[in-house]
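> need a structure here:
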Amino acid sequence: MQPEIKTTPSKKLIGMHIEMSLVDNKTFQLFSSFMPLKKTIPNTIGNNVFDLQVYPKDYYQNFSPTTYFTKWVLVEVSSFDAVPEGMERFVLGSGDYVVFKGKTTGDASRIFTYIYTEWLPKSDFVLDDRPHFDILDEKHQRKDPDAEQEVWIPIKSKK
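Numbering: from 1, shown residues only. Alright, predicted model coming up:
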């Protein structure tokens with residue numbers, strides 16, 4: 001797993017969110033509500049879906065699988081001119097991220113273990129207090145076993 005350091009510009013996103021924890025995981029419920037309505041979102045850019053998490057400020061310092069966070073499912077748009085009923089706007093600010101790519105089937109826990117226990121402590125970076133997200137392409141959305149996802153972790157320099 002060779003990560004890339006990328007800077008993302010600010011992005012306009014439209015989607016839905018839910019409060020959940022790792023123990024009270026509502027990802028399936030959120031995606032089941034969103035995906036049938038995805039095609040109703042005007043001004044979309046590409047076909048990727050953002051699986052985004054907004055964690056409380058001390059989430060990783062005091063990690064507990066029962067701690068609640070906000071989970072979003074979104075698509076990028078060129079404008080907020082029309083937001084379908086039941087959807088909300090989200091602005092993802094610009095910033096630096098470490099990006100890992102991997103197959104989604106069975107790799108998620110291995111990727112996250114590697115990022116937080118090996119890569120991050122040995123790097124010149126620390127976590128930044130901004131949203132974390134995965135980018136899911138069309139293969140992933142169709143549950144293709146060969147699908148890969150991009151895992152974007154917000155970082156800032158240790159210095």
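
> from here on, just use CA atoms for contacts and neighbour counts.
Will do.

> checking the residue nearest in space to the middle of the chain next. Helix, strand or coil?
The chain has residue 133 as the residue nearest its centroid, 1.6 Å off, counting by Cα atoms, centre = their mean. In three-state terms, and counting by DSSP: H, G, I helix; E, B strand; the rest coil, residue 133 is strand.

> spit out the contact partners of it.
50-53, 151-153 (Cα atoms under 8 Å, 6 or more residues apart in numbering).

> skipping its backbone neighbours, what lies nearest it in space?
residue 52 (4.1 Å; Cα to Cα, 6 or more residues apart in numbering).

> element containing the one you found, please.
strand 49-54 (DSSP states H and E).

> what angle separates whatever helix or strand comes next after that strand from strand 49-54?
Following strand 49-54 in sequence order, the next helix or strand is strand 69-77 (DSSP H and E). Interaxial angle, strand 69-77 versus strand 49-54 (axes from the mean of the first three to the mean of the last three Cα atoms, to 10 degrees): 140 degrees.

> which parts of the helix or strand just after strand 69-77 are buried?
The first helix or strand that comes after strand 69-77 along the chain, using DSSP H and E, is strand 88-92. The neighbour-count check on strand 88-92 (16 or more other Cα atoms under 10 Å) flags 89-90, 92 as buried.

> ok, those residues vs residue 24, which is closest?
Ranked by distance to residue 24 (Cα to Cα), the buried residues of strand 88-92 are led by residue 90 at 23.4 Å.

> contacting residues around the nearest residue to the closest one once chain neighbours are set aside?
Counting by Cα to Cα, 6+ apart, residue 13 is the residue found nearest to residue 90 once chain neighbours are left out, at 5.1 Å. Residue 13 makes contact with 74-77, 89-92 under the criterion Cα under 8 Å, 6+ apart.
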